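> Predicted model, plus sequence, below.
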Amino acid sequence: MNKAKMKFSIICLVVGCLLLTQMAYAEPYFRLDTQHDWEYAITEGKILPMENTEWSAYMSQWSMYREEGPPYPPTTFRSPHPPTGELYVYGGGGGGGGGALDPCDAGLVMYWGSPPDGNYSSAWKFDYQLDPDLSNCIITVTVTAPVFSPATNAQITQVSFGLQNKPNPGGPIRAWYWNCGAAGSGAPIIWNTPTTITIDTSKVGVAAATPVATAYMNNPGFNIKQVQWLLVDENGNWVNGGTPAPAPGSPMTGLWNYWHWLMVSPKTTLSKGYYPKWNQPPVIVDTNLPPTILGWDEMSDFEMGPIVADDWECNDTRPITDIHWWGSFIGWNQPHLPPVVPQAFHIGIWTDVPDPNLWAPMDFSHPGTLVWENYCDNYVWNFAGYDKDPRQQGGPGEPCDSCFQFNQLLSQDEWFYQEPNLADPCHPQPRIYWLSIAPIWPPGVPPYHWGWKTRPHYFNDDAVVIQGANSWPPVVGTTWLIGYPIKWPPYPNPEGISWDVSFELTTNEPGPEPNEPPDFDVNNDGIVNFIDFAEFAKWWLTPGP
């Protein structure tokens, strides 16, 4: 190779490396939640006080490009850095149930001093330090807007949130603001109450936000695919003699506001639109985006054990061609995968051992023999939302671990067909099977173990934990030895409530149209009799997904 070609190759290599680095660094998704998260963001220069020149440019755009709602209220700006104020992290533990004066969870305090009486504003910004594409994201932030002195109307009056392109100051902005007020006033943000705001970046206008914003501004030059800064602002009415800010801020009295957590996550859907063969999805308790999912992470590990499994009913001849399941990495709360992920999932289908005594609370059904397995090493995933663990509570408006949906498309030679009915192979009867799913990890102990997402009871018996089998790890032909059902309070508490896990089994073949009743000859035996009526009644009483 001559020197010119070598030099060109080196340049291409360097440029390629820089582009790859930029792509990785421009990842739009993040979550600031814990004390460490906030402190790291400040240390890295990602959270910064807004300056007077930036504020003037921000207000200029509100004046020129407001599209919905009343004008932005006039105020005097005070930058949140010395000598007028400061940004600092409160570690939580106030014990006041998340109230404004003693937050129970960690967050960011913006203190903006004790000025003469009047109307003031202050703001901070999150700097991506690049300009990622936020075109299909959900931005979530939880704020507590305090009242400093009810007798004198000293309180936070508005909060705003904006997205800004380069340059700074002066880059095009899209922004929303919300009035703050007392309960029953109709204001979107209630004083002294943690309020979660979400913004769907695929939409525009006041309705892109939940709660619906008071006003909306959009610079025609704004580009959602090149957002570098998130702008966070508060307005307040100040009368001397306010309440102290959370420790360890100094000085301790003056205008302040509290931000519990900030997150940018992908906009996601829970259904993939295939033909369902068995549909047992997670239970959504808050449909605002990102969704909040009721359940916890029941740990499953193929090699070390235990392995989680749940029962389902196969009632037609269509094959299983796709498998979808939901799970979390225990302790991981970012809207993207952790640094170490399973190299594969082991998916197994087992026969059923029915409950030997339905009236004995300590007896339970469980898997029998493993009859089918798949080593899923080419799965795909998507962010699905956040858990809300019924066994514990997070901070105000704060869910628990990140939840992901995992999807596996099976090759045709891997499809699962139920065992035939030997008495009538053309008309197989419904059968109960058990599905087990467990990750296979690279060498070493993963920093975040994987757990299958639980859900309230859906079908037949509880999901179970397989603790032992006659060979381990299981292979086709392995049989169950020992385990226990998943309940809360945990088994063997006789008061334990049944829980299942979340999954869907789908097929590439259409079935009956939704809500279409079967023919009178339900079991297709050529005779219409009481058996058909019983099958029809069973179909009629089966709950929907």
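Great, that's in hand. None of these values were measured; they are calculated from a predicted model. Numbering: from 1, shown residues only.
> I would like the residues contacting stretch 27-39, please.
41, 47, 89-92, 106-108, 128, 132-134, 137, 227, 261-266, 333-336, 383, 398, 402 (C-beta atoms under 8 Å, 6 or more residues apart in numbering). For every residue, glycine as well, the C-beta is placed using N, CA and C.
> buried set for it?
Neighbour counts over stretch 27-39 (16 or more other C-beta atoms under 10 Å) mark 28-35, 37-39 as buried.
> thinking again about what came up before, which ones among the contacts of stretch 27-39 are found in helices?
Judged by DSSP state H, helices contain the following of the contacts of stretch 27-39: A41.
> Pop out the phi and psi values for the residue most central in space within the chain.
Of all residues in the chain, the one closest to the mean position by C-alpha atoms, centre = their mean is G385, 2.0 Å from it. The phi/psi pair for G385 (degrees, to the nearest 10) reads phi 140, psi -150.
> one step back: in helices only, show me the buried residues of stretch 27-39.
Counting by DSSP H, the buried residues of stretch 27-39 contribute 35, 37-39 to helices.
> residue ranges of the helices in the stretch 1-150 of the chain, please?
3-25, 35-43, 52-65 (DSSP state H, counting those that start in this stretch).
> Next, the contact list for N235, please.
By C-beta under 8 Å, 6+ apart, the neighbours of N235 are 73, 75, 119-121, 156-160.
> I should have written H324 there, sorry.
272, 405-408, 503-506.
> And those residues, which of them are buried?
Applying 16+ other C-beta under 10 Å to the contacts of H324 flags 405-408, 503-506 as buried.
> how close does the residue nearest to F345 when sequence neighbours are not counted sit to G170?
With sequence-adjacent residues excluded and distances taken as C-beta to C-beta, 6 or more residues apart in numbering, F345 is closest to C376, at 4.4 Å. C376 is 50 Å from G170, where distance means C-beta to C-beta, to the nearest Å.
> Looking at these two, which one has more neighbours?
C376 (22 against 16; other C-beta atoms under 10 Å).
> can you give me phi and psi for the closest residue to D355 other than its chain neighbours?
The shortest distance from D355 to any non-neighbouring residue, by C-beta to C-beta, 6+ apart, is to S365 (4.4 Å). Main-chain dihedrals, S365, degrees, to the nearest 10: phi -80, psi 160.
> From H346, how far off is S365?
22 Å.
> so what's the backbone phi/psi at G205?
phi 90, psi 180.
> does the nearest residue to it once chain neighbours are set aside belong to a helix or a strand, and which?
Computed as C-beta to C-beta, 6+ apart, the closest residue to G205 that is not its neighbour in sequence is Y216, at 5.4 Å. Using DSSP states H and E, Y216 maps to strand 215-218.
> Next secondary structure after that strand?
Strand 215-218 is succeeded, C-terminally, by strand 229-238 (DSSP H and E).
> chain center to that next one: distance?
How far strand 229-238 lies from its chain's middle: 26 Å, per C-alpha atoms, centre = their mean, to the nearest Å.
> ok, now stretch 67-82?
32 Å.
> Over to stretch 403-413?
20 Å.
> Show residues contacting that stretch.
So stretch 403-413 is contacted by 268, 270, 272, 282, 293, 320-329, 337, 345, 347, 374, 376, 378-387, 416, 453 (C-beta under 8 Å, 6+ apart).
> Turn the buried ones among those into a named PyMOL selection, would you?
Selection command for PyMOL covering only the buried members of the contacts of stretch 403-413, criterion 16+ other C-beta under 10 Å:
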select buried, resi 268+270+282+293+320+321+322+323+324+325+326+327+328+329+345+347+374+376+379+383+384+385+386+387+416+453
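> Strands - which of the contacts of stretch 403-413 land there?
293, 322-329, 345, 347, 374, 376, 380-387, 453 (DSSP state E).
> on that earlier part again, wait, the residue nearest to F345 sits on A344?
Yes. Using C-beta atoms under 8 Å, C376 is in contact with A344, at 5.8 Å.
> hang on, the earlier thing: of the contacts of stretch 27-39, keep whichever come out buried.
Of the contacts of stretch 27-39, these count as buried by 16+ other C-beta under 10 Å: 41, 47, 89-92, 106-108, 128, 132, 134, 137, 227, 261-266, 333-336, 383, 398, 402.
> Out of those, which sit inside strands?
47, 89-90, 107-108, 137, 261-266, 383, 402.
> ok, of the residues you listed, which one's closest to N493?
S402 (29.2 Å; C-beta to C-beta).
> so what's D286 up against?
292, 388.
> Just read off the phi/psi values of it.
phi -140, psi 110.
> From G348, how far out is it?
In terms of C-beta to C-beta, D286 sits 33 Å off from G348.
> circling back: adding pLDDT and distance to N470, write the ones in strands among the buried ones among the contacts of stretch 27-39 out as CSV.
As requested, those are exported to CSV (pLDDT from 0 to 100; distance: C-beta to C-beta, whole Å):
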residue, pLDDT, distance to N470
I47, 96, 56
V89, 92, 53
Y90, 90, 54
G107, 92, 52
L108, 93, 55
C137, 91, 49
W261, 88, 47
L262, 94, 51
M263, 93, 46
V264, 94, 48
S265, 90, 43
P266, 87, 43
F383, 92, 38
S402, 93, 36
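> what about stretch 357-370, start to end distance?
23 Å (C-alpha to C-alpha, to the nearest Å).
> Report the inter-axis angle for the strand or helix carrying L505 versus strand 322-329.
Here L505, judged by DSSP H and E, is contained in strand 503-507. Put simply, strand 503-507 runs at 160 degrees to strand 322-329, going by axes from the mean of the first three to the mean of the last three C-alpha atoms, to 10 degrees.
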